[in-house]
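Peer 1: Take a look and give me a structure for this.
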Amino acid sequence: MLSTGALSSATAASAPGKVTPTPQASAQATPLQIDSPAQFAVALLRQGQWPVSGSNVCAMMAWEAAEGGHFVSGASRFNPINTTQSMPGDSIFNSVGVRNYPDWQTGVDATLKTLGLGFYDAIRAELSSGDDAAGVLEAVSQSPWGTKFDGGSSVSGGCLDWATEFDAKRKSAESAITDANVALAQATPKLDAAHKAQAKLIAKYNAMQFEINQAQSRLAVFARSLYIAGVEPEIVSKLEAVQSGDPIAYTLLRAYPGLSADRDAEAINRSLALLAEVGASKQHAADAVASATAEIESAQARKAHADQQLIAIERDSLPD
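Peer 2: Just a heads-up that it's a prediction; the model follows:
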């Protein structure tokens, strides 16, 4: 617990220029649930934005064991390292001013608020390094917090052995997250460029719309003439496609532009060429957008999977 000398400082403002970890907002989609000292360590480290490393988890568990909060029968509630930080809904646990908190989120927020004080710069610095459990506990011992670790770090060899395996699992998951973030970073400019190219193309063809409409009308008249002449009896069923600018329908008409002089073969050829170009370029632009979108969706799915793997490791691979 906090020593009586530090009791008044527990609710004081941080010293100027000190970096204070920002706790997450108490309102969450689901209430924070913690069932073990290791889970409290992970929640505190995550919300304090310190490395969720094996060393840090082991250090926090040793600190919790030394303080004897919450997880020991008759201890303070939702307050594993016995902070005296006042919070909404709390109650006094003992004469030193250690608090009981109404829920886990309040307890985590209170602990982070206390650790954000200037008295605990060294503890935060050790947690930020994430690789020295003994250093964390030494910083705790040298601080106004009441916990002392004289004559050793109080971190068991078994926990440190676990920490090595835990860190290897997390490193693999974090590497997958990094790879997914790189893929996202590479795909996002592609999608932006594809959208810009598509917008530029649309603007171009909007300016050409009168010419495009004329070409479509000319080909529709030509298609009807083929039907009337009996050359292409099925063309009437394709007129809607011709008039809408479907390049597939124009492929059919390409066989007939010079059928007779009175159909103005040159004009029909120009119309076919124009509308084929319009259809092909629009399709190319749409394909580019679809390809970039698919890349982003794939990277997002990979990142979500890797995020879930990391969460599962931090939830399921913890020591008892």
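Peer 1: how about the helices in this protein?
Peer 2: 4-7, 37-48, 54-67, 104-115, 121-129, 133-142, 157-207, 209-228, 239-244, 247-253, 265-316 (DSSP state H).
Peer 1: Make JSON lines out of these and add distance to residue 75 and mean neighbour count.
Peer 2: All C-beta spots, glycine's among them, are computed from the backbone N, C-alpha and C. Output for the helices of the chain, formatted as JSON lines (distance: least, CB to CB, whole Å; neighbours: other CB atoms under 10 Å):
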{"stretch": "helix 4-7", "distance to residue 75": "18", "mean neighbour count": "15"}
{"stretch": "helix 37-48", "distance to residue 75": "12", "mean neighbour count": "22"}
{"stretch": "helix 54-67", "distance to residue 75": "9", "mean neighbour count": "25"}
{"stretch": "helix 104-115", "distance to residue 75": "12", "mean neighbour count": "23"}
{"stretch": "helix 121-129", "distance to residue 75": "21", "mean neighbour count": "18"}
{"stretch": "helix 133-142", "distance to residue 75": "18", "mean neighbour count": "21"}
{"stretch": "helix 157-207", "distance to residue 75": "21", "mean neighbour count": "14"}
{"stretch": "helix 209-228", "distance to residue 75": "76", "mean neighbour count": "16"}
{"stretch": "helix 239-244", "distance to residue 75": "75", "mean neighbour count": "15"}
{"stretch": "helix 247-253", "distance to residue 75": "76", "mean neighbour count": "17"}
{"stretch": "helix 265-316", "distance to residue 75": "24", "mean neighbour count": "15"}
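Peer 1: how about these, which one is nearest residue 78?
Peer 2: Closest to residue 78 of the helices of the chain, according to CB to CB: helix 104-115, at 3.5 Å.
Peer 1: Mind giving me the packing neighbours of that closest one?
Peer 2: On a contact count with 3 or more CB pairs under 8 Å, 6 or more residues apart in numbering; DSSP states H and E, helix 104-115 meets helix 37-48.
Peer 1: just how off-centre is the helix it packs on within its chain?
Peer 2: Its chain's C-alpha centre and that of helix 37-48 lie 20 Å apart, by CA atoms, centre = their mean, to the nearest Å.
Peer 1: residues making contact with it?
Peer 2: 21, 23-24, 32, 34, 51-53, 56-57, 60-61, 64-65, 70-71, 80, 104, 108-109, 111-112, 115, 124, 127, 314-315, 318-320 (CB atoms under 8 Å, 6 or more residues apart in numbering).
Peer 1: Among the helices of the chain, which comes closest to residue 88?
Peer 2: Smallest distance to residue 88 across those (CB to CB): 7.3 Å, for helix 104-115.
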